[in-house]
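Peer 1: Need coordinates for the below:
(one chain, ligands or ions: 2)
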Amino acid sequence: MIEVVDITRTYRIGESSVNALNGVSLKIEQGEFVAIMGASGSGKSSLMHILGMLDVPDTGSYRLMGREVGGMGEDELAALRNNIAGFVFQQFHLLPRMSTIENVMLPCIYSGEAGDFQGQARQCLEMVGLGHRAGHRPNQMSGGEQQRVAIARALVREPMIIFADEPTGNLDTRNSHEIMRILTELHAQGKTIIMVTHEPEIAEYAGRVITMKDGKVFDDRTRSKATEPRGDTARNFGMERLPVFQPGRMLGFVTQAFSSIAANKVRTLLSVLGILVGVASVIAMMALGSGAKSSMEEQLKSMGSNLLSVRGGSARIGHAAQGAGSFTRFTEKDAEAIAGLGPIIRSVSGDVAGPAQMVAMDRNWNSNVEGVDYDYGRMRASVPTIGRWFTRQEILGREKVAILGTTVVPKLFGDANPVGSIVKINRINFRVIGVAPPKGFAGPRDQDDVAIIPVTTAMYRVLGKEYLDGIFVEVSSAENIEQAKAAIDALVRKRHKIQPNDDDSFNIRDMTQFQQMLSATTQTMSMLLGSIAAISLVVGGIGIMNIMLVSVTERTREIGLRKAIGARKADIMLQFLIESVGMTLSGGIIGVIVGVGVSMILSTFAGWAVKTSLFSVLLATTVSVLIGLFFGLWPAQKAAGLKPVEALRYE
Ligand code: ADP
Ligand code: MG
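Peer 2: Ligands and ions are numbered 1, 2, ... in the order given. Okay, here's the model as predicted:
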């Protein structure tokens with residue numbers, strides 16, 4: 001069944017090289033029980049690894065059941081190991097995080113076959129007398145018991161050949177003989193057994209003893225014949241390509257990944273911290289962004305729509321303040337002329353403002369006064385909900401009536417309703433007729449810290465101005481804004497005799513400019529938060545990569561074992577990718593919770609407008625999965641590329 005001809009194997013360590021096998025030729029028939037003996041370093045394990053398809057010879061040929069093994073690819077060898085070989089190692093190589101029965105089942109996961117793995121595993125455990133310990137962890141068992149579990153694992157795929165490398169090397173005499181009794185029994189059932197040992201007492205059990213010396217066969221004696229092969233000898237030789245993505249197998253990988261994550265809770269938490277912060281800031285950023293946007297829209301509504309503001313001075317900031325250039329002074333006549341421009345102008349209001357000291361009863365408040373015309377209330381959504389707006393007569397008659405902003409009211413009247421009361425504005429008695437609806441802040445300016453009075457009263461009685469500070473114009477519809485701007489520009493130039501090449505001594509702004517300004521600000525904010533998020537996600541990804549590399553190194557022997565029992569490259573890749581995605585996804589989910597929490601705290605305690613969206617949650621989750629995939633790829637590749645023999649030898 002097994003035939004090797006003149007095989008050699010040389011290991012290289014830096015400059016030096018070791019000839020572990022120097023031309024070994026031998027034949028092993030089906031049903032034989034072979035012990036390979038020899039001094040330490042004589043090449044026993046090297047030979048067994050090659051026979052067990054864990055390693056390939058440098059030269060020479062290896063025929064297994066008539067097929068040349070030498071030319072096979074890694075995945076083919078993995079399938080062969082899974083289908084026809086069972087391994088028992090000196091160090092047992094049981095996975096500590098799994099129960100006994102899960103350890104025994106492990107080769108079945110890589111078979112890709114469907115079946116009652118639990119039942120098969122339980123049967124094998126019973127065969128080695130450990131049926132009652134299926135749920136125990138390996139570390140709760142004695143060495144002898146652990147080796148029996150390892151034998152059960154070697155049997156679960158019903159292999160034709162069992163390879164055992166010093167199976168009793170770590171056991172006391174009594175347990176050694178128990179293990180040998182089991183192997184003898186398996187041999188009696190028709191299994192081929194190839195066992196490495198250096199104890200003559202153990203070699204006694206075998207029917208044939210091959211002794212190695214310096215990488216060569218030194219002696220080969222057969223004491224008893226091979227047992228008659230039983231059962232389906234050619235079974236399982238097929239190396240069907242089974243898909244890696246198989247529901248049952250995937251589920252197995254996912255549970256394994258999460259048990260490994262759960263086994264390192266603190267480490268996992270620390271390494272996903274970057275992802276967590278990144279995802280949390282993505283969520284908070286998007287919540288803040290959309291909250292700011294909708295509150296901005298609200299604010300714009302309160303400003304009024306299709307609104308133009310005509311003011312003296314250049315639009316260039318600081319120009320007028322520096323005293324350079326001329327400055328057009330508008331009067332009520334200008335406002336009337338603009339109103340007369342025709343149907344594209346819906347309404348017009350002059351505007352004048354200044355500081356004001358207000359006194360009511362014994363309270364005192366430094367605030368602002370704004371004089372406006374009749375249409376201002378509707379244009380700028382300032383018509384009181386408590387009390388009323390001015391009448392046209394009150395404005396014409398320069399009457400002393402005032403509408404107070406919501407910031408002013410509590411300063412002067414406390415909780416009392418001010419409507420009907422008297423307030424002194426710059427020592428003049430005004431009657432309060434209403435409270436203006438709140439507008440909030442425009443930048444640093446509190447738009448509610450104001451007393452609104454008729455424009456005439458403001459100019460001639462309170463502020464002593466002959467001129468308007470500006471004129472608000474409401475255009476009939478949004479499409480007419482540009483046309484209205486041009487018409488107003490022409491009109492003002494004509495009325496004030498401004499030459500086309502003169503410095504701008506006035507400006508017309510429409511409120512969409514404010515909107516652009518505001519959205520530019522929020523965009524900057526979002527970009528800032530976005531780059532914090534991006535940086536922490538990248539840093540977090542590198543953290544994940546680092547911890548995955550550590551994990552690969554730590555679990556080198558586990559990877560070796562998995563490969564020995566038939567895991568393909570893709571299986572190992574998948575296992576580690578699932579693990580890294582599992583980590584980043586858990587980090588992402590915690591990040592989502594933290595992000596939503598932070599947004600909620602900001603809105604409750606700081607009064608910020610936030611709006612968490614399902615989209616941002618989905619985006620953050622997707623991003624964390626992608627990061628797991630991207631940064632897990634290299635470690636997973638490293639794990640998958642390990643050679644089974646080297647991984648098993650790793651200390
Ligand atoms: P045995 O199992 O008989 O003790 P091995 O087959 O393990 O012997 O080793 C044979 C020789 O090859 C020894 O000298 C050993 O140090 C060397 N060797 C085995 N594996 C490696 C390896 N991966 N790298 C370098 N040298 C190795
Ligand atoms: Mg050895």
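
Peer 1: Show me the strands paired with the helix or strand containing residue 507, marking each as parallel or antiparallel.
Peer 2: Assigned by DSSP states H and E, residue 507 belongs to strand 506-510. Note on strand 506-510: by DSSP bridges, its sheet partners are strand 307-312 (antiparallel).

Peer 1: Check which helices and strands the following helix or strand past the strand holding residue 507 is in contact with.
Peer 2: Using DSSP H and E, the next helix or strand after strand 506-510 towards the C-terminus is helix 511-554. Helix 511-554 sits against helix 265-271, helix 273-303, strand 307-312, helix 569-605, helix 614-640, with contacts defined as 3 or more C-beta pairs under 8 Å, 6 or more residues apart in numbering; DSSP states H and E. (Each C-beta comes from the backbone N, C-alpha and C, glycine too.)

Peer 1: Hmm, residue 639 is touching residue 572, no?
Peer 2: Yes: the pair residue 639 and residue 572 qualifies as a contact (C-beta atoms under 8 Å) at a distance of 5.2 Å.

Peer 1: Identify the residues contacting residue 609.
Peer 2: Shown in contact with residue 609 (C-beta atoms under 8 Å, 6 or more residues apart in numbering): 288, 291, 292, 294, 295, 603.

Peer 1: ok, now how distant is it from residue 294?
Peer 2: 7 Å (C-beta to C-beta, to the nearest Å).

Peer 1: do the same with residue 483
Peer 2: 31 Å.

Peer 1: now do residue 406
Peer 2: From residue 406 to residue 294 the distance is 21 Å (C-beta to C-beta).

Peer 1: Tell me where the protein is predicted with low confidence.
Peer 2: 225-248, 299-304, 314-326, 443, 503, 512-515 (pLDDT under 70).

Peer 1: Run through the residues of it sitting next to ligand 1.
Peer 2: For the chain, the residues in contact with ligand 1 (C-beta under 6 Å from any ligand atom) are 11, 13, 18, 20, 38, 40-46, 646, 649.

Peer 1: List the residues that contact residue 139.
Peer 2: Shown in contact with residue 139 (C-beta under 8 Å, 6+ apart): residue 96.

Peer 1: Could you look up the SS state of it?
Peer 2: What DSSP: H, G, I helix; E, B strand; the rest coil gives for residue 139 is helix.

Peer 1: go on, residue 190?
Peer 2: Applying three-state DSSP: residue 190 is coil.

Peer 1: List the ones among the residues of the chain next to ligand 1 that fall in strands.
Peer 2: Judged by DSSP state E, those include 11, 13, 18, 20, 38 as members of strands.

Peer 1: which two from those residues end up farthest apart in space?
Peer 2: Greatest spatial distance in these: 13 and 38, 21.4 Å, computed using C-beta to C-beta.

Peer 1: These two - which one has more neighbours?
Peer 2: For the pair residue 13 and residue 38, the greater number of neighbours falls to residue 38 (22 against 7), based on other C-beta atoms under 10 Å.

Peer 1: From residue 578, how far off is the more buried one?
Peer 2: 42 Å.

Peer 1: Can you give me the end-to-end span of stretch 463-482?
Peer 2: 34 Å (C-alpha to C-alpha, to the nearest Å).

Peer 1: my bad, stretch 555-573
Peer 2: So stretch 555-573: terminal residues 13 Å apart, C-alpha to C-alpha.

Peer 1: for stretch 404-414, same thing?
Peer 2: 13 Å.

Peer 1: Please identify the buried residues of that stretch?
Peer 2: Burial within stretch 404-414, assessed by neighbour count using 16 or more other C-beta atoms under 10 Å, is assigned to 404, 405, 406, 407, 408, 409, 411, 412, 413.

Peer 1: Kindly report the same for stretch 622-641.
Peer 2: Buried positions in stretch 622-641, judged by neighbour count with 16+ other C-beta under 10 Å: 623-624, 627-628, 630-633, 635-636, 638-640.

Peer 1: who's in contact with that stretch?
Peer 2: 275, 278-279, 282, 537, 540-542, 544-545, 548-549, 551-552, 555, 559, 569-570, 572-577, 579-585, 587-589, 591.

Peer 1: let's see it at 7 Å
Peer 2: With contact meaning C-beta atoms under 7 Å, 6 or more residues apart in numbering, stretch 622-641 is reached by 275, 279, 537, 540-542, 544-545, 548-549, 552, 559, 569, 572-573, 576-577, 580-581, 583-585, 587-588.

Peer 1: I figured residue 148 hits residue 131, correct?
Peer 2: No: Residue 148 is beyond contact range of residue 131, at 11.0 Å (criterion: C-beta atoms under 7 Å).

Peer 1: For those two, work out which one has more neighbours and name it.
Peer 2: Higher neighbour count among residue 148 and residue 131: residue 148, with 26 against 15, using other C-beta under 10 Å.

Peer 1: Now for the more buried one: which residues touch it?
Peer 2: Counting by C-beta under 7 Å, 6+ apart, residue 148 makes contact with 128, 129, 130, 182.

Peer 1: Drop anything exposed from the contacts of residue 609.
Peer 2: With burial judged by 16+ other C-beta under 10 Å, the buried subset of the contacts of residue 609 is 288, 291, 292, 295, 603.

Peer 1: if I look at residue 2, how far off is ligand 1?
Peer 2: 18 Å (C-beta to the nearest ligand atom, to the nearest Å).

Peer 1: That residue against residue 28, yeah?
Peer 2: Yes: at 4.2 Å, residue 2 counts as touching residue 28 under the criterion of C-beta under 7 Å.

Peer 1: Same question for residue 399, what's its three-state structure.
Peer 2: coil.

Peer 1: Could you report the distance from it to ligand 1?
Peer 2: Residue 399 sits 102 Å away from ligand 1, going by C-beta to the nearest ligand atom.

Peer 1: Throw the helices and strands packed on helix 511-554 into a markdown table and include distance to residue 250, thanks.
Peer 2: A markdown table is the format used below for the helices and strands packed on helix 511-554 (distance: least, C-beta to C-beta, whole Å):
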| stretch | distance to residue 250 |
| --- | --- |
| helix 265-271 | 21 |
| helix 273-303 | 23 |
| strand 307-312 | 61 |
| helix 569-605 | 8 |
| helix 614-640 | 15 |
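
Peer 1: So residue 27: helix, strand or coil?
Peer 2: Recorded secondary structure, residue 27: strand (three-state DSSP).

Peer 1: Around it, how many other residues sit close by?
Peer 2: Residue 27: 12 neighbours (other C-beta under 10 Å).

Peer 1: Skipping adjacent residues, who's closest to it in space?
Peer 2: residue 3 (4.9 Å; C-beta to C-beta, 6 or more residues apart in numbering).

Peer 1: Quick check: the one you found is in a strand.
Peer 2: Yes: counting by three-state DSSP, residue 3 is found in a strand.

Peer 1: my guess is it meets residue 30, correct?
Peer 2: No: assessed by C-beta under 7 Å, residue 3 is found out of contact with residue 30, at 11.8 Å.

Peer 1: So between the two, which is more surrounded?
Peer 2: A count of neighbours by other C-beta under 10 Å puts residue 30 above the other of residue 3 and residue 30, at 18 against 15.

Peer 1: show me the contacts for residue 44.
Peer 2: Taking C-beta under 7 Å, 6+ apart as the criterion, residue 44 is in contact with 36, 38, 196, 212.

Peer 1: Which strand residues bridge the first one?
Peer 2: Residues found in beta-bridge contact with residue 36 (criterion: DSSP bridges) are residue 196, residue 210.

Peer 1: how about it, what does it touch?
Peer 2: Per C-beta under 7 Å, 6+ apart, neighbours of residue 36: 44, 47, 48, 196, 210, 212.
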